[in-house]
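Q: Kindly generate the corresponding structure for this input.
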Amino acid sequence: MSLTGGLLAASLLAPAFGADAFLSTMRKAEGRREPEERIEYFSRAIRAWSSDHGTALLANCHFRRGQVYFEQLDLERAEPDLSKTLDLDPSNAIAYALRGRIHLRAGRHGKAERDFAEAGALGRSGLEAQLWRGEAQLKGGRSQEALKTFDGIARAEPIEHRAELGAARALMARKRWQEALKRLDKALELSRELSADAFTERAVAKVALNRRDEALGDYDSAIPLHESKL
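A: Numbering: from 1, shown residues only. Model (predicted):
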């Protein structure tokens, strides 16, 4: 049973299970705004779950609690919930993407790449998953594979500046500075010169090519854009 189907079943069964501890606690969890309260109520719901409720609803509780942990940067607790989610509901693309980001942060690049590939294959958030996949390949030392991934995104999404930025980083990893500059120029054009990272990376490439005065100009352009994110 899919997650959507499980939630539909829950809504249909709600009148009959009006006093059901699991369903009522899950509804309370979904209505809470404070992260600590959401975690507490989803934890109570998980403890109250029984096989009569179906695995889709249990997957939902683990996923929603894992999301809160992830948003709170409590990645050690988020990862087991996301893994449990995927054991119960392998169609959850967002769970794959979030777990992939945890793997990436922990330096588990191969696992991250596999999770991002699964997220992309499931269709939802496909672009984001592909961008993260390229990032995992690049950080894992597979710059040629990363370049292919970012080139593929650029062909499919020709107005996506992050694909050009990723391709440039892959080229820089291979010390192909002139090619990288062209991709960074394109990234800045597509972003309307609002990408702080593209300015910063272009400065690095220009330093490598001994164009230091131009590099200083790019750093100067990057600083206020970085500060606006704070």
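Q: can we go C-alpha only for contacts and neighbour counts from here?
A: OK.
Q: low-scoring stretches of the chain, by residue?
A: In the predicted model, the chain carries pLDDT under 70 at residues 1-19, 124-125.
Q: Could you pull out the helices in this protein for me?
A: Along the chain, counting by DSSP state H, helices occupy 3-13, 21-31, 35-48, 55-71, 75-88, 93-105, 109-121, 126-139, 143-156, 161-173, 177-190, 196-208, 212-229.
Q: got the angle for the fourth one vs helix 93-105?
A: Here the directions of helix 55-71 and helix 93-105 differ by 40 degrees (axes from the mean of the first three to the mean of the last three CA atoms, to 10 degrees).
Q: got the buried residues for helix 55-71?
A: Neighbour-count burial for helix 55-71, counted by 16 or more other CA atoms under 10 Å, picks out 55-70.
Q: From the chain's centroid, how far away is that helix?
A: Per CA atoms, centre = their mean, to the nearest Å, the displacement of helix 55-71 from the mean C-alpha position of its chain is 16 Å.
Q: cool, and the third one?
A: Taking CA atoms, centre = their mean, one finds the center of helix 35-48 at 24 Å from the center of the full chain.
Q: From what I see, residue 122 and residue 95 are in contact.
A: No. Under the criterion of CA atoms under 8 Å, residue 122 lies out of contact with residue 95, with a separation of 11.2 Å.
Q: neighbour-wise, which of those two wins?
A: Here residue 122 and residue 95 are set side by side on neighbour count (other CA atoms under 10 Å), and the busier one is residue 95, at 26 against 17.
Q: Nearest spatial neighbour of that one, chain-adjacent residues omitted?
A: residue 82 (5.6 Å; CA to CA, 6 or more residues apart in numbering).
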